[in-house]
Every structure is written in C-alpha cells, then in structure tokens.
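**Student:** this one's structure only:
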C-alpha cells in the first residue's frame, strides 16, 4: 500500500482477515496441512475449531498486522529471507493472540463464570460440546498459542519467538487478562470508582489488545520512541474498546451483538455507563480515540493508516 | 556431587526440592520478591498459591533438574556467567513444568471433570475458592509457566527460552496433556486395547514427564545421541508412572494417596490393572524400568545417578 493512496480499511481488513482465517484453519487442525505435527484427538480438535473458526471480528489479529505494517514500512530494506521470516512471525503472532482471546471466551461463557449460551450467534462451546470438553478446549487453545509462536527456528528467529511469548504470556496471565477477569468476578455488586474500573479493564481486555500492538511491532525493527508511542496507543484503544463495549451492552440488542445484551446491568456489574452515564461514556470513548491518534502522531511512524482506521473502528463500531 | 560417591536420592531430593519450593514461593507471588513485576489481584494469587505451594512430590521438577545435572556434568567447563545462566534456566524450567502440572490438577478436579474434593490431603481448589476462581487460577498458572520461561534475555539466552517454550507448549497442549485428557474423557465405559490405553497415557501424563527430562537436558549442551536416549528414557518412565498410578489406585487407600482411591474402577475407566491384572501391570512397570535404565546406559552420559534413582522411585513409590 503506497502512502499516498486513500486508505480503505474495509479492503485492508478483507485481505488480512482472509490470511488469518486461512492460517487459523491450517493451524487449529489435525490434518496434514498443519505443520505442527499434531496428533490431537479429533473430538478435542472439533471443539477447538468450533471456538476459533468462522467467527469474531478478529480485532486483535488486525492490530498485530497493522502494527507490524506500520513499523515495517519504516525499516531499512531487508534481505528477502528476513522479510518473509518477519511476515511469518507477524501472522503467527496474529493467530496466537486470537487463540488466547478465543480460549478466554470459551472459559468465560462456562456455567461457573458468565453461564452464557450464545456467542457470535451460535451456541457456546460448552452448550455444543459439554463442559468438560469446553474446559479442555480452552486449555489446549492457550497452549496452542505458544506452540504457534515457537516453530522451528528456521521459520523465524528464536529471540523473536521468546519476545513474542514474553509479551503474550504477561498479557494473558494473572497480571493481565486472567487477573482482570478475577477482579471482574470479585466486583459483582461492588461499587468501583473510575480508577478501580479502569484498572480492572486495563487487565481484562486492555492488556491483550495492547500486547497485540506490541507483538506486531516486535516483528520488525522499531525505535524505542516508536515503541513507547505504540504502547500508549495500545493502552488508549484497549480502554476505549471496553468503554464502547459497556455502551453497546446498553444500546444494542442481542442479535446485533451476537451475544446476550444487557447482561452487565442484570448482573449488577459496574460499567462505564453505570459510572458516567451514557453520554459521559460516549464522550470518554471519543477522548480515548483522540489520545490514541495523538500517540500515533508521536510515534514518528509515517504509515499508521491501518492502526488509525482500526482505532476509529473500535470506537464507532456497532457490535 | 562427585561420581565416585554413593548416591543418596533422599538428600538430593531434599536439596533440590528446597530450591524449587523457594523459587515457586517467590514466583507465584504478588510480593516485591517476585521479579515478574506482577500486579495480580490478591484473591487470584491466593488460589494460585494454594494450588501450587506446599504439596506434591515435585517429580517433574526433579526430572528437569536431574536431566540438567546429567547433561551438564558432560559439558566442557563453561564461563561462570554461562554456568549461572544455565542454572537459572533449569530452575525456571523445573518450576514452569510444575505450574503446568498444578493447573492441570486444578482443572481436572473441577465438577465438570473428575469432581474431586480431596487433593494432596486438602480440599481441592474449587472447593476452597469456588469454581470460577479455580478455572481462572488454572488459566493463570498456565500463562505463568510461559512467563517464567521468558524472563529478560539477560537471565538466560533467548534461543533457549524459545526452545523451552516449544517443548512445554507441545507437551501440554492438544497433542500432549490436554489431548490425553480429552481421550480419557471420551473413553469412560469404553473398552480400550493396550495400544489405545498406551496412546492415551503417552499424551495425558507421559508427554509432560518426557518434556521435563528434555527441558532439563536442553539447558546444557548435549550430543544428539544423548538427547535421543533421554527421549526414550522419558517415554519409558512416563508410561511407568501411569502404570504404577493405576496399580496404586487399586492397592493404596485414600489417606496414603492424598486423593480419592479406587476412582478409576468406580468410574469404569480403562486402566492397566483392568487390562493386565495386578501382577501383569506390576511386571509391566518393572519392564519399563528396565527400558528406562537401558536408555540411560545408551545415553553415553556418565553421571545419570539422579535420573536412575528417580526412575526407580517412580516404579517403587507408595503414593
């Protein structure tokens, strides 16, 4: 994509999503097409594929690939082998983040958590395959994310593999996504102030969204200043995503969301809407978008159009 | 330990266990002692610590450290920095494997799986903390295992970090532990032949025991012949462990086991005892021990006493 062109997010997403879907279809698989030499039992793989394939906005993979593009466009020309290794790393990072996201939804929907029966317009995994299979499929998806990031060192350099594992493990564990879910769990019926609510969401959804940006950026050489700015960008859109989620939980219906609407209020969960009101929350989402755009300006990166468009999409989305 | 000494497994285990317990106590923690800069919520961390600390035989960490010692004793003298980096890597690998094992027990005990209320003589995690917390604690422990393996590259070399993640992810995922559990789940009340039973256990418990050996061996330079032999050793003791587990499920009482005895028969699960009878299963365990010892001879490694003693312990243990 040349920098002078008008940027068409829809075309970009269509192209990148197709790559991600194809890669996920190949890697979450027991067929010979998978290069992971899996001998996974067919019934487990069926639940894993059901959880991952043919659904979802793929926002996290898009952030990985957009951040990668923005950083790579600045890099000095590389030998073609390095170029294709970078590409391979970014695609694997994109899929690995999505596997973590998918596993978290599977476990989150289980009866002992949110007890949700509908996800992306389909029965949730435990409804379709049973609770035990849902539990195991989630566990196996988390492991598979780290498998994807650690192929033979010929695929892409081992130090980058370690760096991607480092970013992903921290974003998904007790000081990231799982930690945020634990706070969420503990806060039902509890009055949180804005700082506490922000901390919960920074961990629960923000950490993985931010890690998506940083993992993409890690796949090509970037200046410390660019990385610092992208970190801020990731934090802003991570938070914006959750604010908009809270807004949509009130304003959208279940069919549009592809999941049960109005659940937060029903469960007496603290949200940005309960804290700020609907118009306050909307204004806050806009402010976060402005912060994200400012961070992109600060990055010194010249081609940030995909990141910029994704940030706008996060705030203006309808589901 | 000099090669001429009589090897005292009990002393060796006491020393190594103390290192592992101390390390786990530091790393599964929100205190300043942790070098992971965790800001994990206290309630989640409490469930994680309950699942991990002060319990278990630590067999997997012992295998990691024993394999590391056997391989390191062959290595050319290293600069002291490399030496301490290797030590650090092996200790982290030992703890990471234990975290994976611990998470699998937490999830395995949940009502939708084995619905077990007693583990290591204590109430299981979901009994103590609730199901949702048990689910999240297990998820977070898995992520923490990969965090431990990916510290700053100054702690130990990034290519080794990637290699350890590679081994651990494959052993714990759909073509390893989680896959084996899925087969186990699907095989209740089903008649399996010996080959099918062996395949289930190769994945369910064997893969992680074998990975323990290979992760330890990866932390110091080893010849391809030594690695191949250690791979065979790991496969033999992995299987032996399960055969003995099946025997103990019949012959030991719950107090000795620290978990509910007689469960396999009660759940009509296929076991080596149901397939081969008690004496047949005992003979098979002995045969596997012989295979493991033969593999150690083949390895060409001269100090394999800890591995040898652990293999014997696996077969002769009472719980």
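**Tutor:** Perfect, thanks for sending it. As the structure is a computational prediction, the values presented were derived from the model and not from experiment. Numbering: from 1, shown residues only, chains lettered A, B, ... in the order given.

**Student:** Buried residues in stretch A:176-192, which are they?
**Tutor:** Across stretch A:176-192, burial judged by 16 or more other CB atoms under 10 Å in any protein chain shown covers A:176-187, A:192. Bear in mind the C-beta positions are built from the backbone N, C-alpha and C, glycine included.

**Student:** Can you lay out the residues you listed as a markdown table showing distance to chain B, secondary structure and pLDDT?
**Tutor:** Compiled in a markdown table, the buried residues of stretch A:176-192 are given as follows (distance: CB to the nearest CB, whole Å; DSSP: H, G, I helix; E, B strand; the rest coil; pLDDT from 0 to 100):
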| residue | distance to chain B | secondary structure | pLDDT |
| --- | --- | --- | --- |
| A:176 | 7 | coil | 95 |
| A:177 | 8 | helix | 97 |
| A:178 | 4 | helix | 97 |
| A:179 | 5 | helix | 95 |
| A:180 | 8 | helix | 94 |
| A:181 | 6 | helix | 94 |
| A:182 | 4 | helix | 94 |
| A:183 | 5 | helix | 92 |
| A:184 | 10 | helix | 90 |
| A:185 | 5 | helix | 89 |
| A:186 | 6 | helix | 88 |
| A:187 | 10 | coil | 85 |
| A:192 | 13 | coil | 83 |
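
**Student:** Could you tell me which residues make contact with the closest residue to chain B within the stretch 201-319 of chain A?
**Tutor:** Residue nearest to chain B within the stretch 201-319 of chain A: residue A:203 (8.0 Å; CB to the nearest CB). Counting by CB atoms under 8 Å, 6 or more residues apart in numbering or on different chains, residue A:203 makes contact with A:175, A:176, A:177, A:179, A:180, A:183, B:39.

**Student:** Residue A:141 and residue A:102 touch, don't they?
**Tutor:** Yes - the criterion here is CB atoms under 8 Å, and residue A:141 meets it with residue A:102 at 5.7 Å.

**Student:** is stretch A:269-287 anywhere near chain B?
**Tutor:** No - judged by CB under 8 Å from any CB of the partner chain, stretch A:269-287 and chain B are separated, with a smallest distance of 13.7 Å.

**Student:** Which residue does the stretch 1-150 of chain A have closest to chain B?
**Tutor:** Proximity of the stretch 1-150 of chain A to chain B (CB to the nearest CB) peaks at residue A:143, 3.1 Å away.

**Student:** which element is that residue on?
**Tutor:** Using DSSP states H and E, residue A:143 maps to helix A:131-148.

**Student:** and the next element down the chain from that helix?
**Tutor:** Sequence-wise, the next helix or strand downstream of helix A:131-148 (DSSP H and E) is helix A:158-172.

**Student:** so what secondary structure elements neighbour that next one?
**Tutor:** If you count contacts as 3 or more CB pairs under 8 Å, 6 or more residues apart in numbering or on different chains; DSSP states H and E, helix A:158-172 packs onto helix A:80-108, helix A:131-148, helix A:207-218, helix B:131-148, helix B:158-172.

**Student:** so what's the residue nearest to residue A:106 when sequence neighbours are not counted up against?
**Tutor:** Excluding the flanking residues, the one nearest residue A:106 by CB to CB, 6 or more residues apart in numbering or on different chains is residue A:138, at 4.2 Å. Listed by CB under 8 Å, 6+ apart, the contact set of residue A:138 reads A:51, A:103, A:104, A:106, A:107, A:125, B:139.

**Student:** Repeat the analysis, applying 10 Å as the threshold.
**Tutor:** Residue A:138 makes contact with A:47-48, A:51, A:102-110, A:125-126, B:107, B:135, B:138-139, B:142, B:178, according to CB atoms under 10 Å, 6 or more residues apart in numbering or on different chains.

**Student:** for residue A:54, same thing?
**Tutor:** Here residue A:54 is in contact with A:21, A:24, A:25, A:120, A:122 (CB under 10 Å, 6+ apart).

**Student:** what angle separates the host helix or strand of the first one from helix A:131-148?
**Tutor:** What it means is residue A:21. Residue A:21 belongs to helix A:9-27 when assigned by DSSP H and E. Put simply, helix A:9-27 runs at 100 degrees to helix A:131-148, going by axes from the mean of the first three to the mean of the last three CA atoms, to 10 degrees.

**Student:** which strands and helices sit next to helix A:9-27?
**Tutor:** Counting by 3 or more CB pairs under 10 Å, 6 or more residues apart in numbering or on different chains; DSSP states H and E, the packing neighbours recorded for helix A:9-27 are helix A:42-52, helix A:59-72, helix A:80-108, helix A:131-148, helix A:305-316.

**Student:** What are the buried residues along it?
**Tutor:** Under the neighbour-count criterion of 16+ other CB under 10 Å, helix A:9-27 has A:9, A:12, A:13, A:16, A:17, A:19, A:20, A:21, A:23, A:24, A:25, A:27 buried.

**Student:** Can you list the low-confidence ranges for chain A?
**Tutor:** Where chain A drops to pLDDT under 70, the residues are A:1-5, A:31-39, A:254-267.

**Student:** wait, what's in contact with the residue of it positioned farthest from its centre?
**Tutor:** Using CA atoms, centre = their mean, the residue of chain A lying farthest from its centre is residue A:79. It sits 30.2 Å away. Residues near residue A:79 by CB under 10 Å, 6+ apart: residue A:85.

**Student:** Could you tell me the phi and psi values at it?
**Tutor:** The phi/psi pair for residue A:79 (degrees, to the nearest 10) reads phi -60, psi 150.

**Student:** Count the residues that sit near residue A:87.
**Tutor:** Neighbourhood size, residue A:87 [other CB atoms under 10 Å in any protein chain shown]: 17.

**Student:** got a list of what it touches?
**Tutor:** A:19, A:65, A:68, A:72, A:156, A:219, A:220.

**Student:** surely the third one meets residue A:215?
**Tutor:** Yes - counting by CB atoms under 10 Å, residue A:68 sits close enough to residue A:215 to count as a contact (8.4 Å).
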